[in-house]
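# give me a model of this one.
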Amino acid sequence: MAVTEPAPAAPGAARTDEGERATSGGSAHEGILRRQSLRESAARTYARSLPIVPVRARGLTIEGADGRRYLDCLSGAGTLALGHNHPVVLEAIRKVLDSGAPLHVLDLATPVKDAFTTELFATLPAGLAENARIQFCGPAGTDAVEAALKLVRTATGRSGLLSFAGAYHGMTAGALDASGGATDVRVTRLPYPQNYRCPFGVGGDRGAELAARWTENLLDDPKSGVTTPAAMILEPVQGEGGVLPAPDDWMRRMRRVTAARSIPLIADEVQTGVGRTGAFWAVDHSGVVPDVMVLSKAIGGSLPLAVVVYRAELDAWEPGAHAGTFRGNQLAMAAGAATLAYVRENRLADRAATLGARMLGRLQGLAAAHPAIGDVRGRGLMIGVELVDPTAEDPLSADPHTPPADPALAAAVQRQCLDRGLIVELGGRHSAVVRLLPPLTLTDEQAEAVLDRFADALAAAERSHRPAPPDRPRPVRQRAAHHRNDTGPSH
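Take a look at the predicted model:
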């Protein structure tokens with residue numbers, strides 16, 4: 001499925017080279033979508049903005065029931081490190097199926113599980129792997145977050161939690177409490193450093209320094225109302241929060257802050273792990289060794305799998321203190337072990353760093369010609385483009401030089417991308433950040449095709465969304481320079 005073929009026709013258009021088969025496929029496509037809307041809950045998400053019916057997929061490419069082909073830069077919300085149906089993943093699954101091995105084993109030991117844990121421990125930060133324990137959880141990342149919170153509360157005897165504005169840790173109750181939209185819970189919300197919309201209006205090193213000082217003061221002030229918590233949980237790159245990479249120095253500062261006060265540090269690597277950010281684990285950029293790591297998505301090689309890895313000193317659980325019927329998913333462990341090994345052996349994290357920097361550079365060049373691109377940021381193949389209304393001002397903004405987010409334009413860009421056979425997701429505080437999460441197997445040719453289609457979609461969305469503004473210089477933002485929006489070390 002070459003990426004150099006012409007972009008597919010707009011949704012609903014018949015493929016004239018296939019005659020009645022195109023019409024039949026289109027009818028099946030529409031019928032499936034109609035039945036989905038009638039039967040599934042109002043909580044469905046991706047299906048609303050991406051009205052496609054995938055029937056075949058390989059690597060970056062998905063083919064829908066209507067015969068159209070798409071370049072998938074959502075990758076199962078970051079789950080598909082190797083893209084769809086990679087041969088090493090399929091072979092690992094077939095091997096288990098053909099062996100006659102049990103597929104469901106609760107938490108019993110098996111050769112498949114042993115191979116998975118051995119491969120996983122080989123990739124972990126050395127300071128953690130040498131003295132770690134692993135807990136297999138329910139199949140989703142949010143289950144692992146819940147387990148991590150239970151673990152640290154059991155080990156410390158404390159109940160409070162430190163989390164960050166903009167965080168996303170899952171959809172179960174405890175995970176939502178630690179996420180950015182929570183209310184009326186025992187979670188202390190801390191400022192997460194960012195440049196474009198710095199909560200202190202300065203960005204750069206100074207903004208990160210102020211965020212760190214705020215955290216330290218809150219913990220050390222006897223009148224702050226914040227008692228010593230059970231843990232601090234953070235994402236090394238906030239994904240749903242808008243693709244915000246944490247500065248490396250700030251990460252190291254948070255490690256020192258928590259270590260000095262005997263507060264376990266939980267790194268949520270559900271989306272950032274397995275090479276996504278240009279290092280095998282995103283904490284590797286800063287050299288931080290957390291006390292707990294929450295892992296899911298890519299570790300299952302496209303199948304459901306979630307684990308918590310933590311320092312042995314925290315292993316205060318009694319037998320049965322945390323369990324789950326589907327924590328012994330043998331197919332996912334086999335697929336996961338194959339994926340981890342392939343990423344490690346083929347240095348795909350390094351590849352993500354190199355290609356991600358190149359894509360960021362081209363997008364930053366695109367921003368120079370499109371005032372609606374407010375910011376381009378990311379790390380590795382975890383990229384975000386924030387869209388703004390350059391003609392408007394936000395009187396409530398901490399930085400009057402930063403225009404307000406434009407979620408309507410972002411939605412229009414997403415639709416135009418889909419019309420051109422490109423699948424992207426939206427995120428950020430106002431759903432105004434176009435997110436690119438291509439597989440780590442992305443080729444140079446495919447990367448160019450993705451960026452070409454995005455550029456074309458952006459131009460089309462701008463034309464339809466609002467008239468071109470009169471020529472005028474872009475405002476100069478009076479603030480500290482951004483930390484590097486590439487895959488190299490940040491400040």
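
# where are the low-confidence patches of the chain?
Along the chain, the parts satisfying pLDDT under 70 run over 1-26, 173, 176, 181-185, 394-400, 466-491.

# and the helices in it?
20-39, 46-49, 75-78, 87-99, 111-123, 126-129, 141-156, 173-177, 204-220, 248-260, 330-345, 348-369, 407-419, 444-465 (DSSP state H).

# tabulate those in JSON lines, adding columns for mean neighbour count.
To be clear about C-beta, it is placed using only N, CA and C from the backbone, and glycine gets the same treatment. Output for the helices of the chain, formatted as JSON lines (neighbours: other C-beta atoms under 10 Å):
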{"stretch": "helix 20-39", "mean neighbour count": "13"}
{"stretch": "helix 46-49", "mean neighbour count": "12"}
{"stretch": "helix 75-78", "mean neighbour count": "21"}
{"stretch": "helix 87-99", "mean neighbour count": "15"}
{"stretch": "helix 111-123", "mean neighbour count": "18"}
{"stretch": "helix 126-129", "mean neighbour count": "14"}
{"stretch": "helix 141-156", "mean neighbour count": "24"}
{"stretch": "helix 173-177", "mean neighbour count": "19"}
{"stretch": "helix 204-220", "mean neighbour count": "18"}
{"stretch": "helix 248-260", "mean neighbour count": "19"}
{"stretch": "helix 330-345", "mean neighbour count": "23"}
{"stretch": "helix 348-369", "mean neighbour count": "19"}
{"stretch": "helix 407-419", "mean neighbour count": "21"}
{"stretch": "helix 444-465", "mean neighbour count": "18"}
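
# okay if I get these as CSV plus distance to Val294?
Listed next are the helices of the chain as CSV, based on distance: least, C-beta to C-beta, whole Å:
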stretch, distance to Val294
helix 20-39, 31
helix 46-49, 22
helix 75-78, 14
helix 87-99, 22
helix 111-123, 13
helix 126-129, 13
helix 141-156, 5
helix 173-177, 10
helix 204-220, 20
helix 248-260, 16
helix 330-345, 15
helix 348-369, 19
helix 407-419, 28
helix 444-465, 29
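
# measure stretch 304-322 end to end?
18 Å (C-alpha to C-alpha, to the nearest Å).

# the helices of the chain: which one's closest to His401?
With C-beta to C-beta as the measure, helix 204-220 is the member of these nearest His401 (13.9 Å).

# which secondary structure elements does that closest one contact?
Contacts defined by 3 or more C-beta pairs under 8 Å, 6 or more residues apart in numbering; DSSP states H and E place helix 204-220 against strand 187-190, helix 248-260.

# show me what the longest one is in contact with.
Applying C-beta atoms under 8 Å, 6 or more residues apart in numbering, the external contacts of helix 248-260 come out as 193, 205, 208, 211-212, 215-216, 219, 232, 234, 236, 263-265, 283, 285-291, 489-491.

# now the angle from it to helix 204-220?
10 degrees (axes from the mean of the first three to the mean of the last three C-alpha atoms, to 10 degrees).

# C-alpha coordinates for helix 248-260, PDB please?
Taking C-alpha atoms only, helix 248-260 is exported to PDB below (Å, rounded to 0.1, in the frame of the first residue of the first chain):
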ATOM      1  CA  ASP A 248      14.600  17.600  31.600                       C
ATOM      2  CA  ASP A 249      15.900  19.900  34.400                       C
ATOM      3  CA  TRP A 250      12.400  20.200  35.800                       C
ATOM      4  CA  MET A 251      12.000  16.500  35.700                       C
ATOM      5  CA  ARG A 252      15.200  16.100  37.700                       C
ATOM      6  CA  ARG A 253      14.000  18.800  40.100                       C
ATOM      7  CA  MET A 254      10.800  16.900  40.700                       C
ATOM      8  CA  ARG A 255      12.800  13.700  41.400                       C
ATOM      9  CA  ARG A 256      14.900  15.600  44.000                       C
ATOM     10  CA  VAL A 257      11.900  17.200  45.600                       C
ATOM     11  CA  THR A 258      10.100  13.900  46.000                       C
ATOM     12  CA  ALA A 259      13.200  11.900  47.100                       C
ATOM     13  CA  ALA A 260      14.100  14.500  49.800                       C
END
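
# out of the helices and strands packed on helix 204-220, flag the one nearest Val450.
It's helix 248-260; of the helices and strands packed on helix 204-220, that one is closest to Val450 (C-beta to C-beta) at 27.5 Å.

# how far off centre is the closest one?
For helix 248-260, the gap between its own C-alpha mean and the chain's C-alpha mean amounts to 22 Å (C-alpha atoms, centre = their mean, to the nearest Å).

# between the helices of the chain, which gets nearest to Lys297?
Closest among those, once you apply C-beta to C-beta, is helix 75-78, at 5.4 Å.

# what are the C-alpha coordinates of that closest one, in PDB please?
Presented in PDB, the C-alpha positions along helix 75-78 are these (Å, rounded to 0.1, in the frame of the first residue of the first chain):
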ATOM      1  CA  SER A  75      -1.900   4.500  15.900                       C
ATOM      2  CA  GLY A  76      -4.500   3.300  18.400                       C
ATOM      3  CA  ALA A  77      -3.900   6.500  20.500                       C
ATOM      4  CA  GLY A  78      -0.200   5.500  20.600                       C
END
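
# from Leu426, how far off is Val433?
Per C-beta to C-beta, to the nearest Å, Val433 is found 7 Å from Leu426.

# what is in contact with those two at once?
Counting by C-beta under 8 Å, 6+ apart, the shared contacts of Val433 and Leu426 are Ala410.

# in terms of neighbours, single out the busier of those two.
Val433 (28 against 20; other C-beta atoms under 10 Å).

# ok, that one - contacts?
By C-beta under 8 Å, 6+ apart, the residues touching Val433 are Gly242, Val243, Gly384, Val385, Glu386, Leu387, Ala410, Leu426, Gly427.

# distance-wise, check it relative to Tyr192.
Note on Val433: its distance to Tyr192, by C-beta to C-beta, is 15 Å.

# quick one: end-to-end distance for stretch 302-318.
Criterion C-alpha to C-alpha; first-to-last residue distance in stretch 302-318 is 32 Å.

# excluding covalently adjacent residues, which one is nearest to Ala140?
Distance criterion C-beta to C-beta, 6 or more residues apart in numbering; nearest residue to Ala140, sequence neighbours excluded, is Ala306 at 5.8 Å.
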